[in-house]
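In: My questions are about this predicted structure, shown below with the sequence.
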Amino acid sequence: MPGFWLMKSEPDEVSIDDLARASRQTVPWTGVRNYQARNFMRDAMALGDGVLFYHSSCAEPGIAGLAEVASTAYPDASQFDPASKYHDPKSKPDAPRWLHVDVKLRRKTRLLSLREMRTLPTLSTMRVLQPGNRLSITPVTPAEWQAVCALLD
DNA sequence: GCCAACGTTGGC
DNA sequence: GCCAACGTTGGC
């Protein structure tokens, strides 16, 4: 049984269209600087897990496509790049603090907006809809995954 | 741009 | 280990 996840991306950084245009339609999920989110990638994600690709911090936040986990976790190179906004001077190459997985597009979908998601009882348990939620990566239950996929058909 | 929620930092 | 100050997230 694969796992399921919701992963937030700011479309100004990486949008669903950027993912579609990327080499092999795959991108490294760089820039996670939160331990809970990192631990999900390191400890709980598996190759082939389903990903709801979510656009955040934009005019129309919501789910913009379906993707999947395309690698196991490996060190995020941007933490060692002084020119990167994700640079972490406290992280050492022999003990990388930040990891990420690769994410590969399955298909772009219609935008299932946050506004619409909030109206649907079947989605009401989703972590991303809970008040105060800020985590950029959250687990999704099989039932929630099925409910979202049904809405995107 | 506001601001509520939450994570991180660092003095003690 | 507590907790106040500070920084970040992200919808609105």
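Out: Arrived safely, thanks for sending. Numbering: from 1, shown residues only, chains lettered A, B, ... in the order given.
In: Tell me the residues of chain A that contact DNA strand B?
Out: A:34-36, A:90, A:131-134 (C-beta under 7 Å from any atom of the strand). All C-beta spots, glycine's among them, are computed from the backbone N, C-alpha and C.
In: repeat that for 10 Å
Out: By C-beta under 10 Å from any atom of the strand, the residues of chain A that approach DNA strand B are A:33-38, A:57, A:88, A:90, A:97, A:130-135.
In: Scan those residues and report the most crowded one.
Out: Counting neighbours by other C-beta atoms under 10 Å, residue A:37 leads the residues of chain A next to DNA strand B with 20 neighbours.
In: The helix or strand encompassing that residue: what's the following helix or strand?
Out: Secondary structure assignment for residue A:37, by DSSP states H and E: helix A:35-39. Using DSSP H and E, the helix or strand that directly follows helix A:35-39 along the chain is strand A:50-55.
In: circling back to that earlier point, of all the residues of chain A next to DNA strand B, which two lie farthest apart?
Out: Pairwise distances among the residues of chain A next to DNA strand B were taken by C-beta to C-beta; the largest, 31.8 Å, belongs to A:90 and A:131.
In: hey, which strand is longest across chain A?
Out: Using DSSP state E to define each element, chain A has its longest strand at strand A:102-113.
In: relative orientation of that one and strand A:50-55 in degrees?
Out: Interaxial angle of strand A:102-113 relative to strand A:50-55 (axes from the mean of the first three to the mean of the last three C-alpha atoms, to 10 degrees): 60 degrees.
In: Good, wrapping up.
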